[in-house]
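Please find the sequence and the predicted model below.
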Amino acid sequence: HATWGDNKEEITRILNEVLEKFKDTKGLIHAPSYKACNEIKGWLNNPRIKTHTPENFPRELEKFYKSSGNDNNGVFLSPTCYQGVDFKQDRARFQVILRVPYSNTSDEFMDYKVKNDFPWYNHQALVTFGQQVGRINRSEDDFGVTILMDERFLRFLSRNSNVLPKWLKDSIRYK
């Protein structure tokens, strides 16, 4: 978590490839924090990227939902869009989850949990991951692509394969 920015060039390269591949559609990028969100926005330096602060989140999200015309290919970059938001249909056709959503272990409680109760800690990440995956595919007739960037996802998905739904496991493609 503390050194994730050491991969700045790789993160930027991959995100630029994703933005080019999905250049005509809206998307969502799940950032690990507000600090990371601002860094990524600067790295990408792309007018399609829309962000928010904790104070203006509802307004910026609503503005993103309603955008159309020349703004109909925006990408909402956020550390908080894993629960309680709806990117159904054309609100987003792709999303990027930058890292396995493990909680920050610099918090004393989380550090204790990861060392003494890893199943609980892992379960919290699994719940968040499930929420993230569900942001853009909201119904049977909805569709979208989820891109998992963190190389730790292979181990995370393998470790949790017994609790992941079949439809999710069947839809994962590795590159």
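Arrived safely. Numbering: from 1, shown residues only.

low pLDDT regions in the chain?
For the chain, applying pLDDT under 70 flags the ranges 1-4, 69-71, 175.

Where do the strands of it begin and end?
Counting by DSSP state E, the chain has strands at residues 27-30, 49-50, 75-78, 94-97, 145-148.

For residue 129, find the nearest of those strands.
Among those, strand 94-97 comes nearest to residue 129, with 7.4 Å by Cβ to Cβ. No exception for glycine: its C-beta is placed from N, CA and C like everyone else's.

Just checking: what are the partner strands of the closest one?
strand 27-30 (parallel), strand 145-148 (parallel) (DSSP bridges).

Quick check: which of the strands of the chain has the most neighbours on average?
The highest mean neighbour count among the strands of the chain, using mean count of other Cβ atoms under 10 Å, belongs to strand 27-30: a mean of 26.

what's in contact with it?
For strand 27-30, the external contacting residues (Cβ atoms under 8 Å, 6 or more residues apart in numbering) are 15, 18-19, 40, 49, 74-79, 81-82, 87, 92-98, 101, 132, 135-136.

okay, now residue 153: neighbour count?
16 (other Cβ atoms under 10 Å).

same thing with residue 164?
17.

got the contact list for it?
By Cβ under 8 Å, 6+ apart, the neighbours of residue 164 are residue 157.

quick one: it and residue 106, what's the gap?
Taking Cβ to Cβ, to the nearest Å as the measure, residue 164 falls 28 Å from residue 106.

quick one: residue 129 and residue 99 touch, right?
No - in this structure, residue 129 is not within contact of residue 99 by Cβ atoms under 8 Å, at 10.4 Å.

The two - which one has more neighbours?
residue 129 (23 against 20).

Which residue is the nearest non-sequential neighbour of that one?
residue 101 (5.5 Å; Cβ to Cβ, 6 or more residues apart in numbering).
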